[in-house]
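**Student:** Following is a predicted model, sequence given first.
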Amino acid sequence: MRRRPQRQRSAQARDSRADDHEVAHLYLLHGVLLLNYTGTCLPLEIPVQVVPPYVATVARGGLSHAGALVRAHVPASGRVIVLTSPRVRGLWGKTLDASLRKDGLDASVLELPDGEEHKNLAELAKLAEAMVAASADREALLLAFGGGVIGDVGGFLASVYMRGVRLLQVPTTLLAMVDSSLGGKTGVNLAAGKNLVGTFYHPRAILADPDVLATLPEREFRSGLAEAIKYGIIGATDLFTFIEQEAAALRACRPEPLEQLIAACLQEKARVVAADERESDLRRVLNFGHTLGHALESATGYTRYLHGEAVAWGMIATTRIAIRIGRLSEAQGTRIVGAILNVCAPLPALVDDAGLLLRHAASDKKTRAGRLHFVLPVAIGRVEIACGIDEAVIAAALQDAAAIAARAPVVR
């Protein structure tokens, strides 16, 4: 694990004097003029227009002020329950605890081990029993403090415990910050597939503090970049260009472009979720790379790939499908694959057994009426949903991806 450079804090003294106009101005730049970064560290607020609406805040150093956010959302009599992993608690638990205590809050802490293998109904039941033991009632607030697994399980737990308690998402991985913390999808895995049991349940707020990424292992950081570049491919061409141009700075975890990246991804996802909250139409585009990505994860027992790594290979293979059926030019496909590898490699070696992956994909939520659905890129910034693709084409695309994998650096 490499510790990334921490941001300069000289602008902190100006934060409290920033007015609403300044914050709004910064927000409007994101997704439109991504390179116009002002050098300040004002919080960036992204409204999520669902029912009820909430705000996702990107704020460097924000974890030290999380107590104020919790205080704003929990009743005076409500218990605060923090769900986190042992690793995150060891790295950042004291910072969160100090912030909560500063606002007069005493939280009970529940732990869930890292890894998709712990994202299951048995662990969910243990956590629910622990909430009972912590005297959590319907006035409780659950704070999900961790990566994607913690956010997914914490969201599901909040949605079903006593038929629903308040939820805050405080993501600590890049993948969770740019993607999984926003949108209300919660769930756990079954042996048959990923996220097959879950709910739609939105948090009351999201707080993403890029400073906590300083302790994120590089492999997990690259995994998050895969989900970030997805947004550039499916609809935000400015974001795709930004990632291409700033790839080296992003991989080095430079604070300014990283903050921009997180806010831009959240803004793009908020736009899609507001238009299609329950994934009946437009929101399905967010599944680009996930049909084969989820199959890779389940086929390898959730132990070989991090989620973003599986999605990266899924996006590469799906790009090759689009090329093979004539929906995407070779030039555009080469640019997409190159951009993915530039920010995500090295990756674990690709499992290219088409029969195995198709069997696992058949039980995925994206299969409808027995037919696999793929989100296909037709140009950078534009995708379409296709079904009924010949299995021979899928197999050939996986062989294309395997050839690409043979030339790419791999995780040892």
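**Tutor:** That came through fine.

**Student:** For the residue nearest in space to the middle of the chain, which residues are in contact?
**Tutor:** The chain has residue 179 as the residue nearest its centroid, 2.9 Å off, counting by CA atoms, centre = their mean. Taking CB atoms under 8 Å, 6 or more residues apart in numbering, we find residue 179 in contact with 148, 224, 227, 228, 230, 265, 269. The way it works is simple: take the backbone N, C-alpha and C, and place the C-beta from them, glycine included.

**Student:** buried residues in the helix or strand harbouring the fourth one?
**Tutor:** Meaning residue 228. For residue 228, the host element (DSSP states H and E) is helix 218-234. Within helix 218-234, the residues scored as buried using 16 or more other CB atoms under 10 Å are 220-234.

**Student:** Would you map out the domains in the chain?
**Tutor:** 12-248, 288-407 (automatic domain parsing).

**Student:** rewinding a little: distance to residue 175 and pLDDT added to the contacts of residue 179, as a markdown table?
**Tutor:** Listed next are those as a markdown table, based on distance: CB to CB, whole Å; pLDDT from 0 to 100:
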| residue | distance to residue 175 | pLDDT |
| --- | --- | --- |
| 148 | 5 | 95 |
| 224 | 4 | 97 |
| 227 | 5 | 96 |
| 228 | 8 | 97 |
| 230 | 11 | 97 |
| 265 | 10 | 97 |
| 269 | 12 | 95 |
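
**Student:** JSON lines please, covering those and showing distance to residue 184.
**Tutor:** Below are those laid out as JSON lines (distance: CB to CB, whole Å):
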{"residue": "148", "distance to residue 184": "14"}
{"residue": "224", "distance to residue 184": "20"}
{"residue": "227", "distance to residue 184": "17"}
{"residue": "228", "distance to residue 184": "20"}
{"residue": "230", "distance to residue 184": "18"}
{"residue": "265", "distance to residue 184": "16"}
{"residue": "269", "distance to residue 184": "11"}
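
**Student:** Go through those and name the one nearest residue 384.
**Tutor:** Taking CB to CB as the measure, residue 384 lies nearest residue 230 of the contacts of residue 179, at 15.2 Å.

**Student:** excluding its backbone neighbours, what's nearest the closest one?
**Tutor:** Once flanking residues are discounted, residue 230 sits nearest to residue 288: 5.5 Å by CB to CB, 6 or more residues apart in numbering.

**Student:** Also residue 269?
**Tutor:** In space, residue 269 is closest to residue 182, 5.2 Å off (CB to CB, 6+ apart).

**Student:** ranges for the helices of the stretch 201-350 of the chain?
**Tutor:** For the stretch 201-350 of the chain, applying DSSP state H, counting those that start in this stretch gives helices covering 218-234, 237-245, 247-251, 255-275, 290-299, 307-324, 330-344.

**Student:** Report the buried residues of the fourth one.
**Tutor:** When you say that, I think you mean helix 255-275. 255-274.

**Student:** likewise stretch 375-391?
**Tutor:** Neighbour-count burial for stretch 375-391, with 16+ other CB under 10 Å as criterion, is recorded at 375, 376, 377, 380, 381, 383, 386, 389.

**Student:** Contacts for it next, please.
**Tutor:** Applying CB under 8 Å, 6+ apart, the contact partners of stretch 375-391 are 232-237, 240, 284-285, 287-291, 318-319, 321-322, 325, 327-328, 332-333, 335-336, 354, 358, 368, 371-374.

**Student:** any idea how far residue 180 is from residue 218?
**Tutor:** Distance, residue 218 to residue 180, by CB to CB, to the nearest Å: 20 Å.

**Student:** Please apply the same query to residue 379.
**Tutor:** Per CB to CB, residue 379 is found 26 Å from residue 180.

**Student:** Between the helices of the stretch 201-350 of the chain, which one is closest to residue 393.
**Tutor:** Nearest of the helices of the stretch 201-350 of the chain to residue 393, taken as CB to CB: helix 307-324 at 5.4 Å.

**Student:** avg pLDDT for the closest one?
**Tutor:** Averaging the model's pLDDT scores along helix 307-324 yields 98.

**Student:** now it, how far from the chain's geometric center?
**Tutor:** 17 Å (CA atoms, centre = their mean, to the nearest Å).

**Student:** Okay, angle between that helix and helix 330-344 too, please.
**Tutor:** Angle between the axes of helix 307-324 and helix 330-344 is 170 degrees (criterion: axes from the mean of the first three to the mean of the last three CA atoms, to 10 degrees).

**Student:** which helices and strands sit right next to helix 307-324?
**Tutor:** Helix 307-324 sits against helix 218-234, helix 290-299, helix 330-344, strand 371-379, helix 391-407, with contacts defined as 3 or more CB pairs under 8 Å, 6 or more residues apart in numbering; DSSP states H and E.

**Student:** So residue 211 sits against residue 59, correct?
**Tutor:** No - the pair residue 211 / residue 59 is not scored as a contact, 9.0 Å apart, by CB atoms under 8 Å.

**Student:** Okay, buried residues for stretch 275-287 please.
**Tutor:** The neighbour-count check on stretch 275-287 (16+ other CB under 10 Å) flags 277, 279, 283, 284, 285, 286, 287 as buried.

**Student:** Ok, stretch 52-65 next?
**Tutor:** Buried-residue list, stretch 52-65, by 16+ other CB under 10 Å: 54, 56, 57, 58, 59, 60, 61, 62, 63, 65.

**Student:** thinking the fifth one is in contact with residue 44, fair?
**Tutor:** If I follow you right, that is residue 59. Yes - with contact defined as CB under 8 Å, residue 59 reaches residue 44; the gap is 7.3 Å.

**Student:** Residue 404 contacts residue 316, doesn't it?
**Tutor:** Yes - with contacts counted by CB under 8 Å, residue 404 reaches residue 316, the gap being 6.2 Å.

**Student:** Measure how buried residue 338 is and give me the count.
**Tutor:** When counting by other CB atoms under 10 Å, one arrives at 11 neighbours for residue 338.

**Student:** lowest-confidence stretch among the domains of the chain?
**Tutor:** Of all the domains of the chain, the minimum mean pLDDT falls on domain 12-248 (a mean of 88).
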